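**Q** Fold the following.
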Amino acid sequence: MTLQDRVQERAFERRWWILAVLCLSLFVIVLDNSILNVALPSIVRELDATNSQLQWMVDSYVLVFAGLLLTAGALGDRFGRRGALQVGFVIFGLGSLASAMAETPNQLIGTRAFMGIGGAFIMPATLSIITNVFPPQERGRAIGVWAGVAGLAILGPLAGGFLLEHYYWGSIFWVNLPVVAFGLIAGFFLIPTSKDSAAPKLDPVGAVLSIAGLMTLVYGIIEAPEQGWTEGRTLLAFALGSLLIAGFFLWERQTDHPMLDLRFFHNPRFTAASVAISLTFFAMFGSIFLFTQYFQFVLGYSALETGVRLMPWALTMMAIAPNSPRLVERIGTKLVVTLGLTLLAIGLVTMAGVDADTAYANIFWRMIIMASGMGLVMAPATESIMGSLPLGKAGVGSAVNDTTRQVGGALGVAVVGSVASSIYSSNVVDAIPAGTDPGVVGEIEHSLGFALQTAARLGVPQLADAARNGFVDGMQAGVLVAAAAALAAAVAAFLWLPARAAGVEREEPPVDGGEPVPEPVGT
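**A** Sure thing, here's the model as predicted:
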């Protein structure tokens, strides 16, 4: 038995322990995307941050994270995925430490951006290592567990609320450090090295174009709700971002060492699944953005109470996602993903029926329908993306999967949030008392929380009622937009996503290098 054979055998024996380490690594990344939101009021008090600074504390992480995913995935394929994971841990841990000790808003914005670099290396590495460690017959179930953990981002308000009730705002970053330390140590001893032994030379032009294009596009998406979708800065960001991404695709098409082989998109299994993932996260991020505000500002729950009431969503996804591959084995990927997206759309449509005094018991079942749909979609769609690529390109494949999630999610928050915000603003403006300072009027029209605070301070209950009802009207319209996106994804999946994979897959993945396998062809 050769050394490589022994490494493969040990990796196979430890594969479920490896999965546990990778899922914990993923959990700290997805949680960090949402946990900061509940700490923003505390940061305002402690660091005297402005609204613009608060926005960029959240967005600087997303911007860097989304922009670097493709490049980080390609570097992991070339130099080693365990190494990429370890580098990501170190950067993420240092960024968490610096964020917890930040003394000014601008420092926190910078340290959050630094954390985004680490996250961009960690997230694609987790999925690409799973793809290389698990044999084809078990890979779908392993990815199902991974997808279930990815859905736990919704628990951010619960974790954040608990920490803020007992500790100071920086605790949301301190809590990352034990996970990072464990991931570094356990990963070193458990996770094997894997990379693409046939990787082409580096593609610096493609890397620069992808980073610049994705960052510019995401910047435009983030700024559009605040600046306006037709304002000059927004249009410039969209135009420049689109031009850079088009340049990236043109360069990748003609270079002899592309970072992303565009022939992957000829496979309907890869492309249709990517569309399904993107629109699923469009609907999820956009609706959760509204639901967390609805629970806290309209129904009056605290951050911790909101997190508790969102737990059924997370637990349902955790239960269904790991088991969805079993259903795929029976009826195929096409029907499972289409069913999941249809359920998600139905659940969102039912959420359009809630109002300002709907009881939680009448909301609970609607969330279960949505979570069930998402649980059916994420694992099969993710496995379709990963399974349609050669194992040597697992890092790039994972990065494409993660990039579609991030861009789709950011666009969902922007579009769904803008629809809800425009309706809220038109409804609340008539209830603002005459003679109110114009600056205050602007804040009321853009912030439900500020409107409620102002109504309480001025003793104007009709303003509070108008703000709550206006937000509910906006949320009802917003979730219908999200439902339309989910339904469009269901149609795309039914028309173009193959029921099953075809082609030859390697029974034992290459753990320490290895030759890439032929690309499967969808049927």
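**Q** And the helix or strand containing Arg45, how far out from the chain middle?
**A** Using DSSP states H and E, Arg45 sits in helix 40-47. Relative to the centre of its chain, helix 40-47 is centred 25 Å away, using Cα atoms, centre = their mean, to the nearest Å.
**Q** what packs against that helix?
**A** Counting contacts by 3 or more Cβ pairs under 8 Å, 6 or more residues apart in numbering; DSSP states H and E, helix 40-47 is packed against helix 51-79, helix 105-133. Every C-beta, even on glycine, is put in place using the N, C-alpha and C of the backbone.
**Q** Pull out the buried residues from the first one.
**A** Just to be clear, that refers to helix 51-79. With burial defined by 16 or more other Cβ atoms under 10 Å, the residues of helix 51-79 counted as buried are 53-79.
**Q** Also the last one?
**A** Judged by neighbour count using 16+ other Cβ under 10 Å, the buried positions of helix 105-133 are 105, 108-133.
**Q** Can you name every helix or strand that whichever strand or helix holds Phe471 contacts?
**A** Following DSSP H and E, one finds Phe471 within helix 461-496. For helix 461-496, the packing partners by 3+ Cβ pairs under 8 Å, 6+ apart come out as helix 268-293, helix 333-351, helix 394-428, helix 448-458.
**Q** can you tell me which residues contact Asp437?
**A** Contact partners of Asp437, counting by Cβ atoms under 8 Å, 6 or more residues apart in numbering, are absent.
**Q** distance of it from Met215?
**A** According to Cβ to Cβ, to the nearest Å, Asp437 and Met215 sit 37 Å apart.
**Q** ok, now Leu240?
**A** 10 Å.
**Q** mind listing what the residue nearest to Ser302 when sequence neighbours are not counted touches?
**A** In this structure, Ser302 finds its nearest non-sequential neighbour in Gly161, 6.4 Å apart by Cβ to Cβ, 6 or more residues apart in numbering. For Gly161, the contact set (Cβ under 8 Å, 6+ apart) comprises Val38, Ser302, Ala303, Leu304, Glu305, Thr306, Gly307.
**Q** What count of nearby residues applies to Ala246?
**A** 12 (other Cβ atoms under 10 Å).
**Q** mind checking which helix or strand it is in?
**A** Using DSSP H and E, Ala246 sits in helix 232-254.
**Q** which strands and helices sit next to that helix?
**A** Where contact means 3+ Cβ pairs under 8 Å, 6+ apart, helix 232-254 is packed against helix 204-227.
**Q** Could you pull out the buried residues of the helix it packs on?
**A** The neighbour-count check on helix 204-227 (16+ other Cβ under 10 Å) flags 206-207, 209-226 as buried.
**Q** Isn't Ala159 up against Asn37?
**A** No: counting by Cβ atoms under 8 Å, Ala159 stays clear of Asn37, with 11.3 Å between them.
**Q** Val472 is in contact with Asp355, isn't it?
**A** Yes: contact criterion Cβ under 8 Å: Val472 and Asp355 qualify, at 5.6 Å.
**Q** of the two, who's got more company?
**A** Val472 (22 against 13).
**Q** In space, what's closest to that one - neighbours in sequence excluded?
**A** Distance criterion Cβ to Cβ, 6+ apart; nearest residue to Val472, sequence neighbours excluded, is Ala356 at 5.0 Å.
**Q** what does Gln53 give?
**A** Nearest non-adjacent residue to Gln53, counting by Cβ to Cβ, 6+ apart: Pro105, 4.0 Å away.
**Q** How much space separates that neighbour from Val328?
**A** According to Cβ to Cβ, Pro105 stands 47 Å off from Val328.
**Q** quick one: contacts for the residue nearest to Gln53?
**A** Ile43, Leu47, Asp48, Ala49, Thr50, Gln53, Leu54, Met57.
**Q** Name the residues that touch stretch 124-131?
**A** Contacts of stretch 124-131 (Cβ under 8 Å, 6+ apart): 18-19, 22-23, 25-26, 69, 72-73, 76-77, 81-82, 84-85, 88, 139, 142-143, 146, 191, 194, 382, 386, 391, 394-395, 397-399, 401-402, 509.
**Q** list the contacts for the residue nearest to Thr104 when sequence neighbours are not counted?
**A** Excluding its sequence neighbours, the residue lying closest to Thr104 (Cβ to Cβ, 6+ apart) is Leu47, at 6.4 Å. Residues in contact with Leu47 (Cβ under 8 Å, 6+ apart) are Ala102, Glu103, Thr104, Pro105, Leu108.
**Q** Could you check the pLDDT of the fourth one?
**A** We note a pLDDT of 89 for Pro105 in this prediction.
**Q** Also Leu262?
**A** The score at Leu262 is 87. That number is its pLDDT.
**Q** picking that back up, could you give the angle of the helix holding Phe471 to helix 448-458?
**A** 170 degrees (axes from the mean of the first three to the mean of the last three Cα atoms, to 10 degrees).
**Q** List the buried residues of helix 461-496.
**A** For helix 461-496, a neighbour-count test (16+ other Cβ under 10 Å) marks 463-464, 466-476, 478-483, 485-490, 492-494, 496 as buried.
**Q** and what of stretch 239-253?
**A** Going by 16+ other Cβ under 10 Å, stretch 239-253 has these buried residues: Leu240, Gly241, Leu244, Ile245, Gly247, Phe248, Phe249, Trp251, Glu252.
**Q** Then stretch 36-55?
**A** Leu36, Asn37, Val38, Ala39, Leu40, Ile43, Val44, Leu47, Ala49, Gln53, Leu54, Gln55.
**Q** filter the contacts of stretch 124-131 to the buried ones?
**A** Neighbour-count burial (16+ other Cβ under 10 Å) is assigned, among the contacts of stretch 124-131, to 18-19, 22-23, 25-26, 69, 72-73, 76-77, 81-82, 84-85, 88, 139, 142-143, 146, 191, 194, 382, 386, 391, 394-395, 397-399, 401-402, 509.
**Q** what's the span of stretch 259-271, first residue to last?
**A** 17 Å (Cα to Cα, to the nearest Å).
**Q** contact partners of that stretch?
**A** By Cβ under 8 Å, 6+ apart, the list of residues contacting stretch 259-271 from outside reads 70-71, 74, 203, 206-207, 210, 249, 252-253, 333, 384-385, 387-389, 393, 396-397, 400, 496-498, 501, 519-522.
**Q** Tell me how this protein divides into domains.
**A** The record's domain split for the chain, according to automatic domain parsing, is 1-200, 202-257, 266-415+475-499.
**Q** Mind putting those into CSV with distance to Val429?
**A** Below are those laid out as CSV (distance: least, Cβ to Cβ, whole Å):
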stretch, distance to Val429
domain 1-200, 19
domain 202-257, 17
domain 266-415+475-499, 17
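**Q** Which helix or strand contains Ala499?
**A** For Ala499, there is no host helix or strand (DSSP H and E).
**Q** Next, give phi and psi for it.
**A** Main-chain dihedrals, Ala499, degrees, to the nearest 10: phi -70, psi -40.
**Q** so how many other residues sit close to the closest residue to it other than its chain neighbours?
**A** Spatial nearest neighbour of Ala499, excluding adjacent residues (Cβ to Cβ, 6+ apart): Gly332 at 3.3 Å. Counted with other Cβ under 10 Å, the neighbours of Gly332 add up to 18.
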